[in-house]
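> How does the following fold in three dimensions:
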Amino acid sequence: MQQTSGLDAAFLFMETPNAPMHIASVGIFDPSTAPGGSVRFKRIIQTVMERAHVAPYLRQRLVEVPFNADFPYWVRDESFDPEFHIRHVALPKPGDWRQLCIQIARLHARTLDRARPLWELYVIEGLDNVAGIPPGCFALFAKIHHAAIDGASSQAIATALCDPTPEVRQIEGAEQWQADSVPSAFELTAMAIEHSVTRPLRYLEFLQESVPTWTKAIEAAISGALTLPPSVPRTRFNGTVSPHRVFEGVTFPLEKIKQIKNDAGGTVNDAVLAICAGALRKYLLEKDELPDISLVSMCPINVRDPSVAAVGGNQVVSMSVPLHTDIADPRERLQAICASTREAKEYTNAIGAKSMMAMADFIPMELGILGSRVAAEQGLANFVTPSFNTVITNVPGSPVPFYSNGAKHIRGWGLGPCADGNGLFHAVGSYCGELNIGVTCCRVMMPDPAHYAELLEESFAELEVASRKKAAPAKATSKRGARKAAHQPKAGPRKKPVGKTGGKRSVARGTT
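Predicted structure coming up:
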């Protein structure tokens, strides 16, 4: 039995029927590489269970403390049933990309059953008409409550559940599983009382450790050496969310992303922020809703020790980064984002990652639940100033192929939670030389996700062109070099992405 941290518990009391707090991923697999050219559903269940020891949350369910007097506990469930969690569905014909996106959005919108371990895995067959994907592929859609796991640990666990070759390996270290005895209401209450006595002492220790750091940060902010988080405008993505979701995914060549970031002297994450910023600027301009001041992204930062990468729970802090959507020129916008991310990192470092994480441990559970409930019922997100406009999180993936029961993973995207005040989530990941952006949004806020995906591609194309324009003069450093450059064939215009109607739109947009 293990108690949740304050940060983990926050995802529980923030959850409402309209705002499930789970994260998810969808991966497309090609069964032609598996033995016999197919993968049986029964075998998928068997493999997950054989490797369940690498992900303890698979068998753990929540036990809540009476009156929410303390953070809940994880206990190993004696009634665990893998066939409840692993499910088998199929797309109707023609089985195209649009149908897959709709199916994923519907599944993602449903809350997880708190009486059971907080995860589900869907095997989705019928992907027979998705451009760029071989017919007969299947998708694995996994959803896991954010209280149990964060993006970095989910990536590590996914790697452990898969194989580096088509051959299914034997995972060592499996232990004899045994259910926990569930504590009684009296025992839970007694532990809560004990914690309520010791919490003030722990809070004083926390203040003693943190106040010197905070004092230095305040002094730096007053002197101008530290830039404070920016003001945040209100957009269509920052009100109360509906229970409905949309999903889209785009893919770009990672090498070209690196060229873009090298041009600006930034990072891959800076280039990703610039791509999203360009798309958001275009989208809101088309709606005649672009604010005069810049939109702001919340960017989670992984502070997990690599040695415990596969351990559950959340070990992240966040930083606020202006997206500079008030700048029209894409290259100038990217350079401004590079400068802003450096300032945001300085601010986060000044506050202290451990201090930011530990702060959540001292929020009383009952007050957190009450506050979230009142905010949801009163629709406060429609009136208060938002803390940020969207989430953009980047979790690097595997640079080499991996397989599930012999089926090769072709491509994948992440999905995040949408909540009141934050109805738009960008989940960024990489795999085998590609960078993938998964977009999750409230359907009322973004009724046209396919169009937004096209705007992401247009934003990438603009940054790529700007990068080439800067690189071209650098080659002409001499007369000979100039003559050589003049005789090089010009790159053709980038093809405009086609729509998804009729299954013609490629999943791997921007990879050709």
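
> How many neighbouring residues does the closest residue to Asp361 other than its chain neighbours have?
Leaving out its chain neighbours, the residue that sits closest to Asp361 by CB to CB, 6 or more residues apart in numbering is Gly6, at 3.6 Å. Quick note: C-beta positions are derived from backbone N, CA and C, even for glycine. As a burial measure, Gly6 scores 18 neighbours (other CB atoms under 10 Å).

> The one 3 residues further on too?
Residues contacting Ala9 under the criterion other CB under 10 Å number 24.

> separation between it and Glu15?
Distance check for Ala9 against Glu15: by CB to CB, to the nearest Å, it reads 11 Å.

> cool, and Ile275?
As judged by CB to CB, Ile275 and Glu15 stand 30 Å apart.

> the more surrounded of those two?
Ile275 (32 against 23).

> Quick check: phi and psi on that one?
phi -60, psi -50 (degrees, to the nearest 10).

> who's in contact with it?
With contact set as CB atoms under 8 Å, 6 or more residues apart in numbering, Ile275 has these partners: Phe252, Ile437, Leu456, Ser459, Phe460, Leu463.

> Show the pLDDT at the third one.
So the one you mean is Leu456. The predicted structure scores Leu456 at 99 on the pLDDT scale.

> Show the residue spans covered by the helices in this structure.
Secondary structure of the chain by DSSP state H: the helices cover 6-13, 41-50, 82-85, 97-109, 151-161, 185-223, 254-264, 268-286, 330-351, 353-358, 365-378, 449-475, 479-486.

> Ala115: what's it in contact with?
If you count contacts by CB under 8 Å, 6+ apart, then Ala115 has Arg61 around it.

> about what we covered before: among the contacts of Ile275, which one is most surrounded by other residues?
Using other CB under 10 Å as the neighbour test, those are led by Phe460, with 29 neighbours.

> Verify the stated contact: that residue with Thr251.
No - the criterion here is CB atoms under 8 Å, and Phe460 misses it with Thr251 at 10.2 Å.

> burial count for Val26?
By other CB under 10 Å, the burial measure for Val26, its neighbour count, is 25.

> and it, what are its bridge partners?
With DSSP bridges as the criterion, Val26 is bridged to Phe141, Trp413.

> Poorly predicted segments of this structure, please.
Counting by pLDDT under 70, the chain shows low-confidence ranges at 151-152, 173-176, 214, 225-226, 228, 303-315, 347, 350-360, 365-366, 471-512.

> and the spatially most central residue of it, what does it touch?
Relative to the mean C-alpha position of the chain, the nearest C-alpha, by CA atoms, centre = their mean, is the one of Ala427, at 3.7 Å. Taking CB under 8 Å, 6+ apart as the criterion, Ala427 is in contact with Ile23, Gly151, Thr393, Val395, Trp413, Gly414, Leu415, Gly416, Ile437, Gly438, Val439, Thr440.

> Now rank those by neighbours and give me the top one.
Thr440 (29 neighbours).

> right, and it touches Arg245 too?
Yes - here Thr440 lies in contact with Arg245, judged by CB under 8 Å, at a distance of 6.2 Å.

> what sits in contact with each of the two?
With CB under 8 Å, 6+ apart, Thr440 and Arg245 have common neighbours Ala105, His108, Cys418.

> Just among those residues, which is most surrounded?
Counting neighbours by other CB under 10 Å, Cys418 leads the shared contacts of Thr440 and Arg245 with 29 neighbours.

> which residue sits closest to Thr227, ignoring its sequence neighbours?
The shortest distance from Thr227 to any non-neighbouring residue, by CB to CB, 6+ apart, is to Glu343 (4.2 Å).

> how close does the one you found get to Leu455?
Applying CB to CB to Glu343 and Leu455 gives a distance of 27 Å.

> neighbour count winner among these two?
Here Glu343 and Leu455 are set side by side on neighbour count (other CB under 10 Å), and the busier one is Leu455, at 22 against 17.

> check contacts around that one.
Residues touching Leu455, when contacts are defined by CB under 8 Å, 6+ apart, comprise Gly278, Ala279, Lys282, Tyr283.

> Over to Gln155?
With CB under 8 Å, 6+ apart as the criterion, the residues that contact Gln155 are Ala309, Val395, Pro396, Gly397, Gly429.

> Now, these that are in strands?
In strands, defined here by DSSP state E, the members of the contacts of Gln155 are Val395, Gly429.

> Neighbour-wise, give me the winner out of the contacts of Gln155.
With neighbours set by other CB under 10 Å, the maximum within the contacts of Gln155 is found at Gly429, which has 22 neighbours.

> my guess is that one meets Ile392, correct?
No - between Gly429 and Ile392 there is no contact, the gap being 11.9 Å when judged by CB under 8 Å.

> Asn349: neighbour count?
Counted with other CB under 10 Å, residues neighbouring Asn349 total 15.

> Check Trp177 too.
Neighbour count for Trp177, taken as other CB under 10 Å: 12.

> pretty sure it is touching Asp77, no?
No - under the criterion of CB under 8 Å, Trp177 lies out of contact with Asp77, with a separation of 10.4 Å.

> Any chance you could list residues touching both of these two?
Between them, Trp177 and Asp77 share these contacting residues under CB under 8 Å, 6+ apart: Arg59.

> still on that earlier bit, any idea what the residue nearest to the centre of the chain is bridged to?
Each beta-bridge partner of Ala427 is listed here, defined by DSSP bridges: Thr393, Gly438.

> if I look at it, how far off is Asp163?
Distance, Ala427 to Asp163, by CB to CB: 24 Å.

> Excluding covalently adjacent residues, which one is nearest to Asn18?
Across the structure, with CB to CB, 6+ apart as the measure, the residue nearest Asn18 apart from its sequence neighbours is Pro243 (4.6 Å).

> what number of residues lie near that neighbour?
Under the neighbour criterion other CB under 10 Å, Pro243 is assigned a count of 15.

> What of the one 5 residues further on?
Residue crowding around Glu248 was assessed by other CB under 10 Å; the count is 25.

> Wait, it touches Asp448, no?
No - under the contact definition of CB under 8 Å, Glu248 does not touch Asp448, with a separation of 9.7 Å.

> The nearest residue to Leu415 once chain neighbours are set aside: what's it in contact with?
Residue nearest to Leu415 in three dimensions, not counting chain neighbours: Ala24, with 4.1 Å by CB to CB, 6+ apart. Under the criterion of CB under 8 Å, 6+ apart, the neighbours of Ala24 are Ile104, His108, Phe141, Ala142, Lys143, Ile144, Gly414, Leu415, Gly416.

> Apart from its chain neighbours, what residue comes closest to the last one?
To tie it back to what came earlier, the one meant is Gly416. Closest residue to Gly416 in three dimensions, ignoring its sequence neighbours and counting by CB to CB, 6+ apart: Phe425, at 3.5 Å.

> From Cys432, how far out is that neighbour?
Taking CB to CB as the criterion, Phe425 is separated from Cys432 by 24 Å.

> The two: which is more packed in?
For the pair Phe425 and Cys432, the greater number of neighbours falls to Phe425 (24 against 15), based on other CB under 10 Å.

> mind listing what that one touches?
Applying CB under 8 Å, 6+ apart as the definition, the contact partners of Phe425 turn out to be Thr390, Val391, Thr393, Leu415, Gly416, Pro417, Cys418, Val439, Thr440, Cys441.

> Check Asp326 too.
Counting by CB under 8 Å, 6+ apart, the residues that Asp326 touches are Pro291, Asp292, Ile293, Ser294.

> make it 6 Å
By CB atoms under 6 Å, 6 or more residues apart in numbering, Asp326 lies in contact with Ser294.

> Quick check: phi and psi on it?
Dihedral pair for Asp326: phi -80, psi 0, per degrees, to the nearest 10.

> Against Val232, how distant is it?
Taking CB to CB, one finds Asp326 at 13 Å from Val232.

> Also Val395?
Relative to Val232, Val395 is positioned 24 Å away (CB to CB).

> Please consider this matter closed, and thank you.
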